[in-house]
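**Student:** next input, structure requested:
(chains A and B)
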Amino acid sequence: MFKDIEHLIRLAAVIAIALVIFLLLRGAVVPRSFGQYGHYRGAAIGEIASRPVALAGHDVCETCHTDVADQKKLSKHVVVACEACHGALVKHADDPASLQPKKLDTAVVCARCHEANSAKPQGFPQVVTADHSGGIACDACHQPHRPKIEPAKTETGGKK
Amino acid sequence: MEITRRRLLVLLPTAAVAWKYVLAGTPEAAPNYHFTEHWWGMLIDIPKCIGCGSCVRACAEENDVPEGCYRTWIERYHVADWKIERPEVESPDGGKQGFPPHADDGGKNFFVPKLCNHCAESPCTQVCPVGATFVTPDGVVLVDKNYCLGCRYCVQACPYGCRFINPKTNTAEKCSLCYHRITKGLTTACCEVCPTGARQLADLKNPKDPIHEFLKTHTVQVLKPHMATGAKVFYNGMDGSVR
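**Tutor:** Here you go, the predicted model:
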């Protein structure tokens, strides 16, 4: 009945070999954790989670710099995290000698928050720096960690 | 670069070693973190945002974001009284250095910080042809940069414009919700430095998280709700003109 059945057997053999090769290649090439949680490499989650941190966080800063933390507690700046102005400093936190934070230019740093802009909330303290100080560094008058000028402590009575 | 026989002999083993690393992966970094117990999102309180750009700078430092690319950015909206349907939006350098002085020119003016919305039904992960981007079991959309081809499908698919191709690695990149920080019990870089509390990380599976009380007592909205992306960045006090 199947006079040339050999042809079909050969074809089946070729398909079977191709399938085996495909499965072997697939096993070798697809990462082991692929499909662990979904259609992706499960190990990627651990890789991304293991990246180093750059911002130490204000809790870490305050364990050493208690004097600054105490000053901030007396002012509205208590809510401003250290690294919001000073930048990412986990290296300094890990080994204080290895990296000294740069001195900040208060004329630039303070203006980022306090430069007047009609889009800012009305109650937020803001000034047009050009009129208010004319480019003089803010820390000439204000102490950045406790910026409110207390009347008793200045000769002008706290007024400009 | 021309591929000479010498270069090929150097490249092939290098590629083999790199691929072996991709196949094996590295072990879990935070052994005490169980991702079935969390469901991450963020709360953005627009009336509190002062557009200082602290979040953008902190994000760039924390995640080594290349110059000119932004994982988070701030937009300044100016909605004139007589053309509410066409708001004017500006974002100089992503708001990284704050915004220049701006007098009141009428209408409504406000800042809108933006970032990946970590959608539960994210369009970007659905289009990835190789499974290099995905939603983790704790609800964070991540990119596997060792597996990404850089084909840009996801960049086009994101309705919020949150993705870009990193010019150094030529792979897709986006906000990871500081996954390397939140799995260690820290908050995100942007939430750490936000001086007014306009940005707050939210764990929606944690019953003690203040987000639940906030969501009960405030009217919040997500960006482009009509796209049904299941966005998990909730905006409080958001004007209807925000795109």
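**Student:** what domains does the record give for chain A?
**Tutor:** A:5-49, A:53-100, A:103-154 (automatic domain parsing).
**Student:** nearest to chain B, out of those?
**Tutor:** domain A:5-49 (2.2 Å; Cβ to the nearest Cβ). For every residue, glycine as well, the C-beta is placed using N, CA and C.
**Student:** check whether that closest one contacts chain B.
**Tutor:** Yes. On the criterion Cβ under 8 Å from any Cβ of the partner chain, domain A:5-49 is in touch with chain B at A:31-34, A:37-49.
**Student:** ends of that domain, what's the gap?
**Tutor:** From its first residue to its last, domain A:5-49 covers 59 Å (Cα to Cα, to the nearest Å).
**Student:** now do it: distance to the chain's middle.
**Tutor:** Centroid displacement of domain A:5-49 relative to its chain, using Cα atoms, centre = their mean, to the nearest Å, is 39 Å.
**Student:** where do the strands sit along the chain?
**Tutor:** In the absence of a named chain, this looks at chain A. Counting by DSSP state E, one finds no strands in chain A.
**Student:** can you look at chain B instead?
**Tutor:** B:40-45, B:72-79, B:88-90, B:108-115, B:133-135, B:141-143, B:164-165, B:172-173, B:199-203, B:220-221, B:233-236.
**Student:** closest to B:Arg5 out of those?
**Tutor:** strand B:164-165 (31.4 Å; Cβ to Cβ).
**Student:** that closest one pairs with which strands?
**Tutor:** Partner strands for strand B:164-165, per DSSP bridges, with pairing direction: strand B:172-173 (antiparallel).
**Student:** what's the spacing between B:Cys55 and B:Thr36?
**Tutor:** 29 Å (Cβ to Cβ, to the nearest Å).
**Student:** so these two - more neighbours on which side?
**Tutor:** B:Cys55 (30 against 8; other Cβ atoms under 10 Å in any protein chain shown).
**Student:** now for that one: which residues touch it?
**Tutor:** Shown in contact with B:Cys55 (Cβ atoms under 8 Å, 6 or more residues apart in numbering or on different chains): B:Thr72, B:Ile74, B:Pro113, B:Ala189, B:Cys190, B:Cys191, B:Val193, B:Cys194, B:Arg199.
**Student:** what's opposite the last one in the beta bridge?
**Tutor:** By that I understand B:Arg199. Assigned bridge partners for B:Arg199, using DSSP bridges, are B:Ile44.
**Student:** who's in contact with it?
**Tutor:** B:Met42, B:Leu43, B:Ile44, B:Asp45, B:Cys55, B:Pro113, B:Thr188, B:Cys190, B:Cys191.
**Student:** likewise for B:Cys175?
**Tutor:** B:Cys175 neighbours (Cβ under 8 Å, 6+ apart): B:Cys59, B:Arg71, B:Thr72, B:Leu115, B:Cys116, B:His118, B:Cys162.
**Student:** now do the phi/psi pair for the spatially closest residue to the fifth one that is not a sequence neighbour.
**Tutor:** Using Cβ to Cβ, 6 or more residues apart in numbering or on different chains and skipping the chain neighbours, the partner closest in space to B:Cys116 is B:Cys175 (3.8 Å). Reported as degrees, to the nearest 10, the phi and psi values for B:Cys175 are phi -60, psi 130.
**Student:** quick check, pLDDT for B:Cys175.
**Tutor:** pLDDT, B:Cys175: 98.
**Student:** what do you get for B:Leu215?
**Tutor:** 94.
**Student:** top of the contacts of B:Arg199 by neighbour count?
**Tutor:** Neighbour-wise, the contacts of B:Arg199 (other Cβ under 10 Å) top out at B:Cys55, 30 neighbours.
**Student:** ok, now how distant is the closest residue to it other than its chain neighbours from B:Leu115?
**Tutor:** The shortest distance from B:Cys55 to any non-neighbouring residue, by Cβ to Cβ, 6+ apart, is to B:Cys190 (3.6 Å). From B:Cys190 across to B:Leu115, the span is 7 Å (Cβ to Cβ).
**Student:** what is in contact with the two at once?
**Tutor:** Contacts common to B:Cys190 and B:Leu115, judged by Cβ under 8 Å, 6+ apart, are B:Thr72.
**Student:** ok, now which ones touch the residue nearest to B:Cys55?
**Tutor:** B:Ser54, B:Cys55, B:Val56, B:Ala58, B:Cys59, B:Thr72, B:Pro113, B:Leu115, B:Cys178, B:Arg199.
**Student:** could you rerun that using 7 Å?
**Tutor:** B:Cys55, B:Ala58, B:Cys59, B:Thr72, B:Arg199 (Cβ atoms under 7 Å, 6 or more residues apart in numbering or on different chains).
**Student:** residue at max distance from the center of chain B?
**Tutor:** B:Arg5 (42.6 Å; Cα atoms, centre = their mean).
**Student:** let's see the pLDDT reported for that one.
**Tutor:** At B:Arg5, pLDDT is 86.
**Student:** how about the one 5 residues further on?
**Tutor:** Turning to B:Val10, the model gives it a pLDDT of 85.
**Student:** for it, give its distance to chain A.
**Tutor:** 22 Å (Cβ to the nearest Cβ, to the nearest Å).
**Student:** now do B:Arg6
**Tutor:** In terms of Cβ to the nearest Cβ, B:Arg6 sits 27 Å off from chain A.
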